[in-house]
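1. Generate coordinates for the sequence data below:
(one chain, ligands or ions: 1)
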Amino acid sequence: MAGLREIEKQFFPLQKIQDVIDLFKHELKDNEPNLTLLSIVLGVIENILTVNRAVSSDADKSNTLEPIFPVIELSTIEALYTKFVTHIKKSVDKTKFPDKFATRELVKIVSDVVWCCLSKSFKDRAHLQSLYSFLTGNKLDCFGVAFAVVAAFQILEYNDVHLSLSEDHAWVVFGEDLKETAEVTWHGKGNEDKRGQPITASVVEKSWLYLNGRPVTCNRHMEVAAIVSGINPSINLTVDSVEMGSLQQELLWLLYDLGHLSKYPMALGNLGDLEEISPTPGRPPPVDIFEEAIQSSKVHYNNQHVYPFTYLGGYHYRNQNYKQALKAWAEASNAVKNFNYNREDEEIYKEFLEVGNDLIPTMMKQVASENASRIHHTSISYDPECYADFLRFYDGICEWEEDSKTPVLHITWAKQLVNSLAKFDPTVRKLIHLTSEDGDESSSSSESEEESEEEREIIQDENRNQKKKVKAKKGKTHDQEKSDKINGQTEDS
Ligand SMILES: FC(F)(F)Cc1cc2c(N3CCN(c4nnc(C(F)(F)F)s4)CC3)ncnc2s1
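-> Predicted structure coming up:
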């Protein structure tokens, strides 16, 4: 790929959101949308609208409705574009690689070409995902490094190197039939990077981080969807740029209409979140979009993605549809139970920790206080389906922990479980018929009374034993390991 094509230059200067949409529309008509150009454009806009926001003088504070969309000059973009193309082309001697398809050696070289320029400081800050960040600040996050490698291969005119995405990691696939895989970036804190290594079946097996071998394998159009989905409109922890958010939303709808989100559940989830914040007239409601993400995971990824359910659960929780929230979280747990938990799965652990130890307790408290004031009881604490979903939520987490190298549950989980269990009315507990996987009925109403008494005894024993165990235990519970990771480890290279 040479310099910018004439047709691309005609879209500049970009003066409003529609100009950016038009540029993306043009690039997406092509079967090789220019990843480097699009990433730089999004990075420049995001930087101006979030990081280096033009401080408005008092004068234009009056018409705050006036969008502050920046004018993006061709010269700005072309300088950065040429810098990246030159850097890649002068660092890779293509004559040594005559094959049409990439080799593992070449993937490692290109990963090194990106890696060697990175500054060693903070890598989990916001706005470090684009080539703009790489070219102006020598900083990239985990996703950004993997994307830069794929953009570099497009410049070197390989069309077999593609981005492979799990829910918390990124790597590349390459070779004649995309059968080869390679690590090209790091993951998490305190983990040595494994760049250049293949992702082997033993690493992938029952691993959430590698989605048990069902990651999102992108084509060029889905790589465009990944950088659009990776747009971060946040100005700070509490404020988002309205302009950046609507640019991301409109680009996601463009990609949606072109069919490039159909195999990308997380991008659909992102779109659902944006639609909750500011609904687009004539577009489906957020729950429909979250449902599409769930269907996409079921159809294309053997229902092994967890986030589609936590997107939906979070939405229902925020909108106080507590029955549906519990159902979504039970299904999230049903998805995660087939994995074995290990130290690199912290992100999904934190999602379940928040649901079990913060969102559900808060929900039960609110419902309890509502019940106190209301005469008839229609709420979840009297609904056997809610209680069943509550139990399935915990049951899936227990199964997730089974056979795992790292424990998931600890004393806080047990305490919260007891608190939440107690918030369900005893009558509702009688109505539950627990069946095991092979479908045999294991309890009737009378038994379940003793069972709940028995349950309480088991849990109290659990608490007592757990306390003893914690003192005696040699191994590290998740939290101890986590605190070690935060304290003990130096910033990873
Ligand atoms: F490449 C990595 F390593 F960064 C892994 C990826 C993450 C991610 C993403 N995310 C991550 C999950 N994410 C979520 N936001 N809310 C979530 C939920 F908990 F509500 F479900 S999950 C934000 C967007 N959105 C699109 N694509 C990707 S590829």
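2. Spatially central residue in this structure, please.
-> residue 167 (4.7 Å; Cα atoms, centre = their mean).
3. what's the helix or strand for that one?
-> For residue 167, there is no host helix or strand (DSSP states H and E).
4. and it, what is it in contact with?
-> Residue 167 sits next to 208, 211, 266, 305, 306, 307, 347, 348 when contact means Cβ atoms under 8 Å, 6 or more residues apart in numbering. C-beta here means a position set from N, CA and C on the backbone, and glycine is covered the same way.
5. Give me the local confidence score for it.
-> On pLDDT, residue 167 comes in at 98.
6. Alongside the ligand, which residues does the protein contribute?
-> Counting by Cβ under 6 Å from any ligand atom, the chain comes close to the ligand at 142-143, 165, 168-170, 226, 229, 266-267, 269-270, 307, 310-311, 314, 351.
7. Sort out which of the residues you listed are in helices and list them.
-> Using DSSP state H, the members of the residues of the chain next to the ligand that fall in helices are 142-143, 226, 229, 266-267, 269-270, 307, 310-311, 314, 351.
8. Of the residues you listed, which is the nearest to residue 260?
-> Using Cβ to Cβ, residue 267 is the member of those that sits closest to residue 260, with 8.4 Å.
9. Quick check: chain neighbours aside, which residue is closest to the closest one?
-> Distances taken as Cβ to Cβ, 6 or more residues apart in numbering place residue 229 nearest to residue 267, at 4.2 Å, with adjacent residues excluded.
10. For the one you found, give me its contacts.
-> 248, 252, 264, 266, 267, 270.
11. need the contact list for the last one.
-> It refers to residue 270. 229, 248, 252.
12. what's the answer for residue 124, then?
-> 141, 189 are the contacts of residue 124 under Cβ under 8 Å, 6+ apart.
13. does it belong to a helix or a strand, and which?
-> Here residue 124, judged by DSSP H and E, is contained in no helix and no strand.
14. all numbers from here: first residue = 23
-> That works, and once the first residue is 23, the last one we named lands at residue 146.
15. can you tell me how far it sits from residue 258?
-> 16 Å (Cβ to Cβ, to the nearest Å).
16. I'd like the distance between the residue nearest to residue 289 and residue 271.
-> 11 Å.
17. Over to residue 65?
-> Taking Cβ to Cβ, one finds residue 65 at 18 Å from residue 271.
18. Those two: who's more crowded?
-> Neighbour count, other Cβ atoms under 10 Å: between residue 65 and residue 271, residue 65 has more, with 27 against 24.
19. before we move on, back to that, now render the contacts of residue 189 as JSON lines, adding neighbour count.
-> Listed next are the contacts of residue 189 as JSON lines, based on neighbours: other Cβ atoms under 10 Å:
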{"residue": "230", "neighbour count": "26"}
{"residue": "233", "neighbour count": "23"}
{"residue": "288", "neighbour count": "23"}
{"residue": "327", "neighbour count": "27"}
{"residue": "328", "neighbour count": "24"}
{"residue": "329", "neighbour count": "23"}
{"residue": "369", "neighbour count": "15"}
{"residue": "370", "neighbour count": "21"}
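20. for those residues, which one is nearest residue 93?
-> Nearest to residue 93, judged by Cβ to Cβ, of those is residue 288 at 32.0 Å.
21. In contact with the closest residue to that closest one other than its chain neighbours, which residues?
-> In space, residue 288 comes closest to residue 329 once its chain neighbours are excluded; the distance is 5.8 Å by Cβ to Cβ, 6+ apart. Contact analysis of residue 329 by Cβ under 8 Å, 6+ apart lists 189, 287, 288, 291, 315, 373.
22. Residue 303 in helix, strand or coil?
-> coil (DSSP: H, G, I helix; E, B strand; the rest coil).
23. Torsion angles phi and psi at it?
-> phi -50, psi 140 (degrees, to the nearest 10).
24. Then residue 243?
-> Given degrees, to the nearest 10, the pair of backbone angles that residue 243 has is phi -70, psi -40.
25. Next one: it relative to the ligand, how far apart?
-> Residue 243 sits 14 Å away from the ligand, going by Cβ to the nearest ligand atom, to the nearest Å.
26. now residue 160
-> Distance, residue 160 to the ligand, by Cβ to the nearest ligand atom: 19 Å.
27. circling back: list just the nearest of the contacts of residue 329 to the ligand.
-> residue 288 (3.7 Å; Cβ to the nearest ligand atom).
28. Surely the closest one and residue 238 touch.
-> Yes: assessed by Cβ atoms under 8 Å, residue 288 is found in contact with residue 238 at 7.5 Å.
29. which residues are common contacts for residue 251 and residue 271?
-> With Cβ under 8 Å, 6+ apart, residue 251 and residue 271 have no common neighbours.
30. what sits against whatever residue of the stretch 23-172 of the chain ends up closest to the ligand?
-> Closest residue of the stretch 23-172 of the chain to the ligand, Cβ to the nearest ligand atom: residue 165 (3.6 Å). Residues near residue 165 by Cβ under 8 Å, 6+ apart: 151, 187, 192, 207, 248, 252.
31. picking that back up, got a PyMOL select line for the buried ones in the residues of the chain next to the ligand?
-> PyMOL command restricting the residues of the chain next to the ligand to the buried ones, with burial defined by 16 or more other Cβ atoms under 10 Å:
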select buried, resi 164+165+187+190+191+192+248+251+288+289+291+292+329+332+333+336+373
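32. And the strands in the chain, which stretches?
-> 184-187, 192-196, 202-204, 238-239 (DSSP state E).
33. Direction included, what does the first one pair up with?
-> Within its sheet, and counting by DSSP bridges, strand 184-187 is paired with strand 192-196 (antiparallel), strand 238-239 (antiparallel).
34. which residues does residue 431 contact?
-> 419, 420, 423.
35. list the contacts for residue 104?
-> Residue 104 neighbours (Cβ under 8 Å, 6+ apart): residue 25.
36. so how far is residue 60 from it?
-> The gap separating residue 104 from residue 60 is 16 Å, by Cβ to Cβ.
37. Likewise for residue 330?
-> 26 Å.
38. These two: which is more packed in?
-> Higher neighbour count among residue 330 and residue 60: residue 330, with 29 against 23, using other Cβ under 10 Å.
39. quick one: stretch 111-124 to chain centroid distance?
-> 33 Å (Cα atoms, centre = their mean, to the nearest Å).
40. Look at residue 48 and say how many residues are nearby.
-> Neighbour tally, residue 48, other Cβ under 10 Å: 15.
41. residues contacting it?
-> Counted by Cβ under 8 Å, 6+ apart, residue 48 has contacts 29, 30, 33.
42. Contact partners for residue 245?
-> 55, 57, 169, 172, 184, 185.
43. Low-confidence ranges, the stretch 123-272 of the chain, go.
-> Low-confidence segments of the stretch 123-272 of the chain, defined by pLDDT under 70: none present.
44. re earlier: tell me the one of the contacts of residue 292 nearest the ligand?
-> Minimum distance to the ligand across the contacts of residue 292 is 3.9 Å, recorded for residue 251 (Cβ to the nearest ligand atom).
45. distance of the closest one from residue 395?
-> Look at residue 251 and residue 395: by Cβ to Cβ, they are 43 Å apart.
46. what number of residues lie near the closest residue in space to residue 349 that isn't next to it in sequence?
-> Closest residue to residue 349 apart from its sequence neighbours, by Cβ to Cβ, 6+ apart: residue 411 at 5.1 Å. Residues lying near residue 411 (other Cβ under 10 Å) number 22.
47. Run through the residues that contact residue 411.
-> 348, 349, 351, 352.
48. Assess the claim that the last one and residue 414 are in contact.
-> What that stands for is residue 352. Yes: assessed by Cβ under 8 Å, residue 352 is found in contact with residue 414 at 4.0 Å.
49. Compare those two (neighbour count), which wins?
-> residue 352 (22 against 18).
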